[in-house]
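In: Here's my sequence, what's the structure:
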Amino acid sequence: LLLIQWLLLAAVVAMEEEHSKPNCSRSCGKLTNIPYPFGVGKSCSMEIEGIRHKLRYHPQPTKANFRKI
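Out: Numbering: from 1, shown residues only. Alright, predicted model coming up:
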């Protein structure tokens, strides 16, 4: 089931590589050009059951942090 979700995510990323949802930022700190489905802001990213991501700002380069819930 998780493999199917990741394959779906990869397909969406390939199709929507240069797009983001309306009124959603494509950058967070030094991390820029964040494509959909990894939006920045509430309701700006694709909902995938069991996967949550969040961006944290650090004085060092910003990076996306993923964790399984």
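
In: Could you list the low-pLDDT ranges of the protein?
Out: Within the chain, the segments meeting pLDDT under 70 span 1, 12-21, 47-69.

In: What segments of this protein are helices?
Out: Using DSSP state H, the helices of the chain run over 2-15.

In: which residues of it fall in strands?
Out: 51-56, 63-68 (DSSP state E).

In: contacting residues for the closest residue in space to F38 that isn't next to it in sequence?
Out: Leaving out its chain neighbours, the residue that sits closest to F38 by Cβ to Cβ, 6 or more residues apart in numbering is S45, at 5.6 Å. In short, each C-beta sits where N, CA and C put it, glycine included. By Cβ atoms under 8 Å, 6 or more residues apart in numbering, the residues touching S45 are 36-39, 53.

In: and these as JSON lines, adding distance to L7 and neighbour count?
Out: Formatted as JSON lines, these follow (distance: Cβ to Cβ, whole Å; neighbours: other Cβ atoms under 10 Å):
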{"residue": "Y36", "distance to L7": "17", "neighbour count": "19"}
{"residue": "P37", "distance to L7": "13", "neighbour count": "19"}
{"residue": "F38", "distance to L7": "16", "neighbour count": "19"}
{"residue": "G39", "distance to L7": "20", "neighbour count": "19"}
{"residue": "H53", "distance to L7": "18", "neighbour count": "13"}
